[in-house]
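K.L.:
could you work out the structure for the sequence below:
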Amino acid sequence: MSTIPVNQAMDQALELHQEGKLSGAAEIYKQILARSPNNPDALHLLGVLCAQMDRLEEGVSLIQRALAFNPVEPRYFFNLGSILVTLRRLDQAIEAYQKAVTFNPHYFEAYDKLGVVLKDKGDLNAAVAACRQAIKLKPDFIEAHIDLGNVFQTAGQLDEAIACYREALRIDPKFAVAWNNLGNALHAQGRLQEAAEAYTHALQIVPGWAEIQNNLANTLKDQGDLDAAIAAFRKAISLKPGLIQAHNNLIWALHYHPDSTPQTIQTEQWHWNAQHAAPLKKFIQPCLNNRDPKRRLRVGYVSPDFRAHVVGWNLLPLLENHDHRQFEIFCFSSVAKPDAITQRIRSLTDAWRNILGLGDQKAAEMVREERIDILVDLAVHTAFNRLLLFAYKPAPIQVTWLGYPGSTGMDVVDYRLSDPYIDPPGTDLSVYSEQTMLLPNTYWCYQPAIKPRISDSSPFSSTGFITFGCMNKFAKVSAPALNSWLQILKSVPDSHFILHCNQGVHRQAVLERFTQAGIAPDRIELVGLQPLEQYFDVFNRIDIALDPFPYNGGITTCDALYMGVPVVSLSGKTAVGRAGHSILTNVGVPELIAETPEEYVQIAVKLAGDLPRLKELRSSLRRRMEESPLMGAKSFAREVELIYRDIWRKWCTLPLSR
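P.N.:
Sure, this is the predicted structure:
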């Protein structure tokens, strides 16, 4: 090395580097720096190499040293930005990419990466501009078309996203990422069969891609093919055991399956915990919060759904009624597309912290730095949850609530909130990893997303026939529920049925199932995704709502009752299967709760024949809802706060951990 020129040594090192012979390349870079300590190219490339060997902080330091000697080199800033993204230091990454394009305005790759990071930070308009600039500089740059599509998809502009993915496929029809992302956008539009076909195209190109297998499984679940969905989720997990999204989705899908028991769900949650959460226990630190049992408590809510979403809407009554003299309220948000509900929720908090794009460990550090006393998960295993944040145990007390009535399966989550109807006396509470704390009346505190108008007349008075309906997501339409609905329709002459069912081949399968049972197709109406106003207006055409099982409706049931539509529900063997029991008991119509499928059919048929009763319910249910614990927001807030104070006092009496 000492006998050859530095430039020649750099060429040798770079050749080894490009061949993946990292240790050999590193040795030459170090020898160059021994002779020429301020050589910026050697510093930069050694920094890149360190990052490739997962020595990220060392990589950052070396490239920053290179920039000290050559502060206008765009490549240095570009590679620095890439490492900072991996470290989830997104603000610094944005600054690095901005420097790269400042010193090279034609650096299309840097514009593209800048757009990606801006999207991750939630600055969607700036992200669109950056990706479009990359495309303007290089129109056939396929990655930029895909990344622009991703920004549009995050913004909910699905037609624009689909156009971007199709343009990427025009450039390269064999680009699996474009097929996958096209599937995601089509899925979000409710075009389930087209989405499944796009995912299948992607898997034909890359058969072992676990993430795409997971996406296909989600589409199968939403089409109601639970057996195939569960098998596909398991295949995705077998392809990539660390793919936590697939494992979350598997657990959630098991709740929908009629053969699932609390024990089978519990077993899968244990596997999830052992695979993903338990390995992080080594990072848990003692919580040193002030153990004054009477002081003002710092409560943190964690969710990706502080937005126009059932969680966002139904968190509002609690937030609007929290006692801020006793509780300081924090929200840790990973909302990708903030909206008016986001802003409303934010206005009701004492502190808002954006953890979108922040790694779970960093987010946990933020929670710890804020000295949160009680940290509340609002997602369980639903999409984009932040359960691994809880795995670091950044708060002394951790609680789960609202995502759905169930359990995280995590031994570091201390409590789950429930009510006496979701978990009635005699329930085996050992199937939950958390200690169950029962709210005195209701798990939910309902607030309608809008205040829709109830039709003055019943649907029957206009049509002359009874109209049943189910506006829940189609994944909840199990074979046993469908069989019961067929019996009901056959028992009530000329009755009609409105069913929420997005586009796809499963629509035809559903119609064929009704036809085979002797139900004429003109008695069935399938409706897809709709704006809120139209969704609520459908209830004005329904006389009786039929709750799906084994996974009942939650907020959809509340929506129906608020619109004056009685709901017949079957009380099941899991927590999600007793949601209807809780809601109907709280609104004062327990006679609509069945204990067996046979009784479910009997209640629905009897109600259909009692027109005076239907008229009375339509005129009174909204008032009953408003007067019930379901909409008693002030009382509900006090009940939640009493539980918070109780579990805090208990923690204060525990011995100090070491």
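K.L.:
so which helix or strand takes in residue 293?
P.N.:
Using DSSP states H and E, residue 293 falls within no helix or strand.
K.L.:
OK, contacts around it?
P.N.:
Residues near residue 293 by C-beta atoms under 8 Å, 6 or more residues apart in numbering: 648-649, 652. (Each C-beta comes from the backbone N, C-alpha and C, glycine too.)
K.L.:
from residue 647, how far out is it?
P.N.:
Remark: distance between residue 293 and residue 647 (C-beta to C-beta, to the nearest Å) = 11 Å.
K.L.:
helices of the stretch 151-300 of the chain, residue ranges please.
P.N.:
Taking DSSP state H, counting those that start in this stretch as the test, the helices found in the stretch 151-300 of the chain are 158-171, 176-188, 192-205, 210-222, 226-239, 244-256, 262-272.
K.L.:
how about stretch 445-464: buried residues?
P.N.:
445-449, 452, 454-455, 458-460 (16 or more other C-beta atoms under 10 Å).
K.L.:
for residue 581, which non-adjacent residue is closest in space?
P.N.:
Setting aside the residues directly before and after it, residue 581 is nearest to residue 571 in space (C-beta to C-beta, 6 or more residues apart in numbering), at 4.3 Å.
K.L.:
next: residue 188.
P.N.:
Nearest to residue 188 is residue 158, by C-beta to C-beta, 6+ apart, at 5.6 Å.
K.L.:
was I right about the one you found contacting residue 189?
P.N.:
Yes: counting by C-beta atoms under 8 Å, residue 189 is a contact partner of residue 158 at 5.1 Å.
K.L.:
show me how the chain divides into domains.
P.N.:
For the chain, automatic domain parsing gives the domain ranges 294-438, 459-631.
K.L.:
of all those domains, which one is nearest residue 222?
P.N.:
domain 459-631 (5.3 Å; C-beta to C-beta).
K.L.:
please tell me how far the closest one is from the chain's geometric centre.
P.N.:
Remark: domain 459-631 is offset 26 Å from the chain centroid, using C-alpha atoms, centre = their mean, to the nearest Å.
K.L.:
what's the average pLDDT for it?
P.N.:
Across domain 459-631, the average pLDDT comes to 96.
K.L.:
ends of it, how far apart?
P.N.:
26 Å (C-alpha to C-alpha, to the nearest Å).
K.L.:
which helix of the chain spans the most residues?
P.N.:
Longest helix of the chain, by residue count under DSSP state H: helix 633-652.
K.L.:
which strands and helices sit next to it?
P.N.:
Under the contact criterion of 3 or more C-beta pairs under 8 Å, 6 or more residues apart in numbering; DSSP states H and E, helix 633-652 touches strand 297-303, helix 310-321, strand 374-377, strand 397-400, strand 415-418, strand 435-438.
K.L.:
what packs against the last one?
P.N.:
Spelled out, it's strand 435-438. Against strand 435-438 (3+ C-beta pairs under 8 Å, 6+ apart) you get strand 415-418, helix 633-652.
K.L.:
what does the second one give?
P.N.:
For helix 310-321, the elements it packs on are strand 297-303, helix 340-347, helix 555-562, helix 633-652, judged by 3+ C-beta pairs under 8 Å, 6+ apart.
K.L.:
again, 7 Å this time
P.N.:
Counting by 3 or more C-beta pairs under 7 Å, 6 or more residues apart in numbering; DSSP states H and E, the packing neighbours recorded for helix 310-321 are helix 340-347, helix 633-652.
K.L.:
where does the stretch 151-300 of the chain dip in pLDDT?
P.N.:
Applying pLDDT under 70 to the stretch 151-300 of the chain picks out no residues at all.
K.L.:
before we move on, the earlier item: let's have the buried residues of stretch 445-464 in a markdown table, adding distance to residue 242 and secondary structure.
P.N.:
Output for the buried residues of stretch 445-464, formatted as a markdown table (distance: C-beta to C-beta, whole Å; DSSP: H, G, I helix; E, B strand; the rest coil):
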| residue | distance to residue 242 | secondary structure |
| --- | --- | --- |
| 445 | 37 | coil |
| 446 | 38 | coil |
| 447 | 38 | coil |
| 448 | 40 | coil |
| 449 | 37 | coil |
| 452 | 44 | coil |
| 454 | 50 | coil |
| 455 | 52 | coil |
| 458 | 54 | coil |
| 459 | 51 | helix |
| 460 | 54 | helix |
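K.L.:
just give me the closest of the residues you listed to residue 180.
P.N.:
Nearest to residue 180, judged by C-beta to C-beta, of these is residue 449 at 31.2 Å.
K.L.:
is it true that the closest one touches residue 532?
P.N.:
Yes: counting by C-beta atoms under 7 Å, residue 449 touches residue 532, with 5.5 Å between them.
K.L.:
tell me the spacing between the residue nearest to residue 262 when sequence neighbours are not counted and residue 548.
P.N.:
With C-beta to C-beta, 6+ apart as the criterion, residue 262 has its nearest non-adjacent residue at 4.0 Å, and that residue is residue 431. Taking C-beta to C-beta as the measure, residue 431 falls 22 Å from residue 548.
K.L.:
kindly report the same for residue 203.
P.N.:
Relative to residue 548, residue 203 is positioned 30 Å away (C-beta to C-beta).
K.L.:
out of the two, which sits in the busier spot?
P.N.:
Taking neighbours as other C-beta atoms under 10 Å, residue 203 and residue 548 compare with residue 548 leading, 28 against 18.
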